[in-house]
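Enquirer: The sequence isn't on hand, but the structure is:
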């Protein structure tokens, strides 16, 4: 068994009077969906020591003890004048309160939404803490720390982080970006030398965290253009210096791709303790995987006009709500009224939510939509307390199914096209003559399993032995096939493959056991293999390449075995525009 490294704090100078304090863990933290790649993370904090001292983004409760210990060893906490918060997270409150006890003179710097949340959090959890000093930065204000550190502030809010605030130091030309441009990965590198190796991590982070807010991301990028930053001092992962131009361009491309989707879903929610927001994030991830756009709206901060415009434009809408005192929050009830008054009854609807002791808000939303004549795209999702990994995966698959239902309805409205002798039709017929072996990809990651039928498989290398397999972006298994993940490729036998082929071709409901009724054994790498396969290969994902509507996965074969005599089943297609 590999020994787990202890958590620690890495302290490195990055510019004049500026140090980064990287609270590191190689384990997975479970309070946010974006940790799903399980590559550890760093919570990056920054200390600027001018004539006055500012601490930027102290870490959450997971790192409170080791961070404060390191801080006390390397600086005088009593000389910290300001704590700048890129966003206010309830998880950070333990650290913030501990800092305040050590240095009562601290003034917290945050945006207006952040100030309101911070004040309410202190009043709720630490009512004995009096006179918390908070200074609001709206964008035009600056903060002079002396020695040339004249900080500027840029609001970059989105529905998930309505209080998001970037900070720019013109002396060092560092832009402190908090959530923007981050990645959850832990290592020794402070800066992004060899930045291309982080491409997958940065893209995955964008897809999970930023994609549902593409419109707000574009607005933020436009604001940040006027600051000639040399370094993006991110909230997580390596700081961005060497790949800054490429990453900025990638964000612009990814955001534009999300905004250009023909179909959109209005995802409207409120979240009391962050649990409903996590569910919303997972559902949004599933929707965007399927090539449908998401307009994610936090009802607590949205204007009525924004909600009205989103529900009128969308092809379908989904509501998420916590239950507070047996009711839905007022903001959700307001958004519900706007939606019922301004949307067609033929739009697909959905409901989800989390609760502590009861779930009346979810029942209320569901009954209102049913009574109004809307069709629900999935059975309402009810989650008690904090969602588990399995729940998050279930929500992602539900989002994908919802998006696919919208796309199917859209296709049904289009007139059917007959096969013609056009150049396009001839090309598609010719492309369909490319054949591939029929295989089943299977994997297991703790409690979450996945499987899919695959025919776009080809050996790619002799040394090391490797092959490629194409995986559609909307496949549920796609999120289990990132670099480093293990899986099994099951090769089906000609003449005996129909049963397995039919089983894995059928649509699975979110969370359904893909292996029910199929004989399997567990391979050495922890993934199941099919006992009726012709042969199987134990593999590890080595690389991924984005290709249109698919990911091409390159995998290294670690072990393999022939289970029976025979030849490989082949998949013949009539056209190259579908499987």
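Expert: Ah, there it is. Just so we're clear, the structure is a prediction, and the values are computed from it rather than from any experiment. Residues are numbered from 1 along each chain as shown.

Enquirer: how about the helices in this structure?
Expert: Under the criterion DSSP state H, the chain contains helices at 64-74, 93-102, 112-125, 199-205, 214-224, 244-259, 275-289, 304-313, 330-342, 360-371, 389-413, 423-431, 498-505.

Enquirer: Name the stretch among those helices that sits most buried.
Expert: Comparing the helices of the chain by mean neighbour count (mean count of other CB atoms under 10 Å), helix 275-289 ranks first with a mean of 26. The C-beta positions use only the backbone N, C-alpha and C, and glycine is treated the same way.

Enquirer: on contacts alone, who are the packing partners of it?
Expert: Packing contacts for helix 275-289, counted by 3 or more CB pairs under 8 Å, 6 or more residues apart in numbering; DSSP states H and E, involve strand 264-269, strand 293-298, strand 316-320, strand 348-355, strand 381-384, helix 389-413.

Enquirer: give me that answer again for 6 Å
Expert: strand 264-269, strand 293-298, strand 348-355, helix 389-413 (3 or more CB pairs under 6 Å, 6 or more residues apart in numbering; DSSP states H and E).

Enquirer: Tell me which of those lies nearest to residue 120.
Expert: For the helices and strands packed on helix 275-289, proximity to residue 120 was assessed by CB to CB; strand 293-298 is nearest, at 15.7 Å.

Enquirer: Need the residues that contact that closest one.
Expert: Outside strand 293-298, the residues within contact range by CB atoms under 6 Å, 6 or more residues apart in numbering are 159, 162, 212-213, 258, 261, 264-268, 284, 287-288, 310.

Enquirer: which one of those sits closest to residue 182?
Expert: Nearest to residue 182 among the contacts of strand 293-298, with distances taken as CB to CB, is residue 213, at 14.2 Å.

Enquirer: Please report the distance of the closest residue to the closest one other than its chain neighbours from residue 484.
Expert: Nearest-residue entry for residue 213: residue 158, 3.8 Å, with adjacent residues in sequence omitted and distances by CB to CB, 6 or more residues apart in numbering. According to CB to CB, to the nearest Å, residue 158 stands 29 Å off from residue 484.

Enquirer: what about the two, which has more around it?
Expert: More neighbours sit around residue 158 than around the other of residue 158 and residue 484, counting by other CB atoms under 10 Å; the figures are 23 against 11.

Enquirer: residue contacts, residue 361?
Expert: Shown here is residue 361, whose contacts under the criterion CB under 6 Å, 6+ apart are 321, 323, 328, 353.

Enquirer: need the strands for the stretch 51-200 of the chain, in chain order.
Expert: Here the stretch 51-200 of the chain has its strands, by DSSP state E, counting those that start in this stretch, at 53-56, 80-84, 107-110, 133-136, 142-144, 150-155, 165-169, 174-178.

Enquirer: Would you map out the domains in this structure?
Expert: According to automatic domain parsing, the chain comprises the domains 8-257, 262-411, 431-571.

Enquirer: Tabulate these (CSV), appending distance to residue 579.
Expert: Compiled in CSV, the domains of the chain are given as follows (distance: least, CB to CB, whole Å):
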stretch, distance to residue 579
domain 8-257, 24
domain 262-411, 14
domain 431-571, 7
